[in-house]
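Participant: generate a structure from the sequence data that follows.
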Amino acid sequence: MHSAPTSRSGGGIVSVLAVAGIVGSLMQTLVVPLIGELPRLLDADAADTSWVITVTLLVGAVATPVVGKLGDLYGKRRMMLACAVPLIAGSVVCALAGSLIPMIAGRGLQGLGVGMIPLGVSALRDLLPPQRVGPAIALMSSSMGIGGALGLPISAAVAEYADWRMLFWGSAVLSVLVAVLIWLLVPATPAHGRGRLDAAGAVGLGIALVCLLLGVSKGADWGWGSGTTLGLLGAAVVVLLLWGLWELRVRDPLVDLRTTARPQVLLTNVASVLVGFAMYAQSLVVMQILQLPEATGYGLGQSMLAAGLWLAPSGLMMMAVSSLGARLSAARGPRTSLFVGALIIALGYGAAFGLMGWSWGLMVASSVGNIGVGLAYGAMPALIMSAVPQSETASANSFNTLMRSIGTSVSAAVVGVILSQMTVTMGGHALPSESGFRTALLVGCGVALVAALVTLALPKPRHATAPAPSPAATTVTSDAARNERPRPPAALSSSALSSPAASAPASPPPPAPASPAEPPATQVWPPAPVRIGHEELGPWRDAFRPPAPAWNDRAEDEPAHPASPRSEVAELRAENNTLREENAELRTANDELRAENDELRKELDVLMQGLSAWVQNLAGRTG
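Facilitator: I've put the predicted structure just below:
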């Protein structure tokens, strides 16, 4: 049941949660421009400084399902505020760090704040009316791509023209701003979950994820055939099996595997892994092609800042298509949005394959791919929440976010293996070859197509269809139903009971006039109502359609009392007036949504024009 806030604007809630998603995703690309400088800045080896990125991935992967479960138990707003604390503390620790250990500790604290993103997506179900949940989910899901796309050029500009510590001071200020906005503008969300946190399950899942992601992310450095890598991957498999057995037996599991095994949830998570793989593989390939020297014959010789600016419009495209994805999901269902998104990602790979020789071509290809990512990311939470009870929305969304993270980690490993095996030597250095990049693009395109095929296997919503009866049959069944309507027995007086006529046998009734033959018992009209959609949809089945009229909310077990025609007419008039009022309210809400959408489009048009002019000016200077 949705409890839309009345004192606070729904648009303000969505805006605050979208900003939280941008800040959370910004933390993941914050230190990418500093990778080459970290060994000098922290006085450490390059292999050790790579943990500055790896530790955020590991901590975020472990914390996300735990934070999601706590959000179901204690309220999503409370846990979002709790996630903001390590974000602020981690940013301050990194800003003050002068060596490797404090930097890794600070980045680990920032990883704890990643759980804020799926919590915000789940909170939309509690805070908004059903007709606004779909567009809000699409907008917030696209905001995560914007944070990743804009974080790279902003971080590169700060690292190049200012002190690198300003990156972390800026992230601390943004984290404080997000916490204040959540505190002031986001209402408290109810705690739908019951029970307590499964501490043993959290520890087991954490050990399994650390072993898996550590082996995948460090396999290229340690060697895929080394004992350390194989041992970690083997340990991950064993611990995951033991963890699954524990979760099936414990009373309050961290992740309800029975719910996760439902076809809609399971296949959506599989598609999430594949879409995460395809998204990250394209960004890895395009970024390297942009920065490789032109002497290679296929590199474009762009600086880190210029490359980030070329890719910035692709992140904005995710927000630009969020309203389109919401409309598509409302009209055709989120399953269609996910399928179309996967196909568009594959189309983006095809464009990159043919436009590798131009910076603007890679910008167009990345924009096309991110349009598909925006559609897919907006549909995934809707598919997940439509198949789980409201008491498990946060944990289910957190698990889905974890699946995306696993997809990106596997993508980095696979692309790294391809590019490291297919190289050319220039100036004594081994560089990825053009054929290696093309192979990686083909692999990413294939994965996107597999994601589309997985989407086709998702359960289709069932629609109740019944053949239209003929007028004669309708008349017959209506008369039969009218004759079979139960009538209250007439009260008998005491004098009637004592009279002889009452005790005399009743005379046979006169023969009834001939009537048309009644239909068989199996042809009852009207037919029994058929439940539309997946059998486990729960309250989410009304997320993408207007609320049902009040007359449809009568309890099925309500006794049917005879009513006079006048009372029935009065009831119908009252119901008609109620429906008119609800229709007027829906029209007003629709007009407000259209006005907000028009304003957002205008702002995006201005921003895109400014960015386009900036990129062209910068390209002219660097070229």
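Participant: can you pull the contacts of the most centrally placed residue in the chain?
Facilitator: Centroid check for the chain by C-alpha atoms, centre = their mean gives Pro381 as the closest residue, at 3.1 Å. Contact partners of Pro381, counting by C-beta atoms under 8 Å, 6 or more residues apart in numbering, are 118, 121-122, 137, 141, 397, 400. Using the backbone N, CA and C atoms, a C-beta is placed for each residue, glycine as well.
Participant: most neighbours, which of these?
Facilitator: Taking other C-beta atoms under 10 Å to define a neighbour, the member of those with the most is Ile137, carrying 32 neighbours.
Participant: now that one: how far from Tyr161?
Facilitator: Between Ile137 and Tyr161 the distance, using C-beta to C-beta, to the nearest Å, works out to 37 Å.
Participant: about what we covered before: what helix or strand is the residue nearest to the centre of the chain on?
Facilitator: For Pro381, the enclosing helix or strand under DSSP states H and E is helix 359-385.
Participant: mind giving me the packing neighbours of the strand or helix carrying Pro313?
Facilitator: Element membership for Pro313 (DSSP H and E) is helix 304-320. Here helix 304-320 touches helix 130-161, helix 263-291, helix 359-385, helix 565-622, going by 3 or more C-beta pairs under 8 Å, 6 or more residues apart in numbering; DSSP states H and E.
Participant: out of the ones you listed, deepest packed?
Facilitator: Stretch with highest mean neighbour count among those: helix 359-385 (a mean of 26; mean count of other C-beta atoms under 10 Å).
Participant: packing partners of whatever helix or strand comes next after that helix?
Facilitator: Proceeding N to C from helix 359-385, the next assigned helix or strand is helix 393-421, under DSSP H and E. Where contact means 3+ C-beta pairs under 8 Å, 6+ apart, helix 393-421 is packed against helix 51-74, helix 116-127, helix 199-222, helix 257-260, helix 263-291, helix 359-385, helix 434-456.
Participant: show me how far helix 393-421 is from its chain's centre.
Facilitator: A distance of 15 Å separates the C-alpha centroid of helix 393-421 from that of its chain, computed with C-alpha atoms, centre = their mean, to the nearest Å.
Participant: in its sheet, what does the helix or strand following it sit against?
Facilitator: Scanning the chain past helix 393-421 towards its C-terminal end, the next helix or strand to appear is strand 423-426 (assignment: DSSP H and E). Using DSSP bridges, the neighbouring strands of strand 423-426 in the sheet come out as strand 429-432 (antiparallel).
Participant: can you name the residues in contact with the strand it pairs with?
Facilitator: By C-beta under 8 Å, 6+ apart, the residues outside strand 429-432 that reach it are 288, 292, 296, 419-420, 422-425.
Participant: out of those, who's nearest Ser226?
Facilitator: Top of the list for closeness to Ser226, among the contacts of strand 429-432 and by C-beta to C-beta, is Ser420 at 14.8 Å.
Participant: I'd say that closest one and Ala220 touch.
Facilitator: Yes: using C-beta atoms under 8 Å, Ser420 is in contact with Ala220, at 6.5 Å.
Participant: what about those two, which has more around it?
Facilitator: Taking neighbours as other C-beta under 10 Å, Ser420 and Ala220 compare with Ala220 leading, 16 against 12.
Participant: before we move on, the earlier item: what would the helices and strands packed on helix 393-421 look like in a markdown table with distance to Glu585?
Facilitator: Shown next, in a markdown table, are the helices and strands packed on helix 393-421 (distance: least, C-beta to C-beta, whole Å):
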| stretch | distance to Glu585 |
| --- | --- |
| helix 51-74 | 31 |
| helix 116-127 | 18 |
| helix 199-222 | 44 |
| helix 257-260 | 34 |
| helix 263-291 | 32 |
| helix 359-385 | 24 |
| helix 434-456 | 35 |
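Participant: out of these, which comes closest to Pro313?
Facilitator: helix 359-385 (5.8 Å).
Participant: report the angle between that closest one and helix 130-161.
Facilitator: Angle, helix 359-385 to helix 130-161, by axes from the mean of the first three to the mean of the last three C-alpha atoms, to 10 degrees: 140 degrees.
Participant: now do helix 359-385 against helix 434-456, angle only.
Facilitator: Compare the direction of helix 359-385 with that of helix 434-456 by the same axes, to 10 degrees and you get 30 degrees.
Participant: so helix 359-385 versus helix 263-291, what angle?
Facilitator: For helix 359-385 against helix 263-291, the angle by the same axes, to 10 degrees is 160 degrees.
Participant: next one: the helix or strand containing Gly231 to chain centre, how far?
Facilitator: Counting by DSSP H and E, the element that carries Gly231 is helix 227-249. A distance of 27 Å separates the centroid of the chain from that of helix 227-249, by C-alpha atoms, centre = their mean.
Participant: kindly report the same for stretch 123-131.
Facilitator: For stretch 123-131, the distance between its averaged C-alpha position and the chain's averaged C-alpha position is 14 Å (C-alpha atoms, centre = their mean).
Participant: what does stretch 59-66 give?
Facilitator: Offset of stretch 59-66 from its chain centre (C-alpha atoms, centre = their mean): 16 Å.
Participant: just the CA trace of it, in CSV.
Facilitator: Taking only C-alpha atoms (Å, rounded to 0.1, in the frame of the first residue of the first chain), the coordinates of stretch 59-66 have been written out as CSV:
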residue,chain,number,x,y,z
VAL,A,59,33.2,-3.2,0.4
GLY,A,60,30.3,-1.9,-1.7
ALA,A,61,29.5,-5.4,-2.9
VAL,A,62,29.4,-6.8,0.6
ALA,A,63,27.6,-3.9,2.2
THR,A,64,24.8,-3.5,-0.4
PRO,A,65,22.7,-6.6,0.5
VAL,A,66,23.2,-6.1,4.2
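Participant: can you give the contact residues for it?
Facilitator: Outside stretch 59-66, the residues that touch it by C-beta under 8 Å, 6+ apart are 108-109, 111-112, 114-115, 118, 197, 202, 205-206, 209-210, 213, 254-255, 395, 398-399, 401-402, 405-406.
Participant: next: stretch 92-105.
Facilitator: Contact with stretch 92-105 is made by 38, 42-44, 48-49, 51-52, 55, 90, 106-107, 109-110, 165, 168-169, 172, as judged by C-beta under 8 Å, 6+ apart.
Participant: ok, now which ones touch Leu267?
Facilitator: Per C-beta under 8 Å, 6+ apart, neighbours of Leu267: 454-455, 457-458.
Participant: from the chain's centre, how far out does stretch 14-25 sit?
Facilitator: 13 Å.
Participant: that one - what's its average pLDDT?
Facilitator: Stretch 14-25 comes out with an average pLDDT of 83.
Participant: please apply the same query to stretch 194-205.
Facilitator: For stretch 194-205, the per-residue pLDDT averages 84.
Participant: so which bits of that stretch are buried?
Facilitator: 197-198, 201-202, 204-205 (16 or more other C-beta atoms under 10 Å).
Participant: redo those residues as TSV? Include distance to Ala61.
Facilitator: Rendered in TSV, the data for those read as follows (distance: C-beta to C-beta, whole Å):
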residue	distance to Ala61
Leu197	18
Asp198	17
Gly201	15
Ala202	12
Gly204	14
Leu205	9
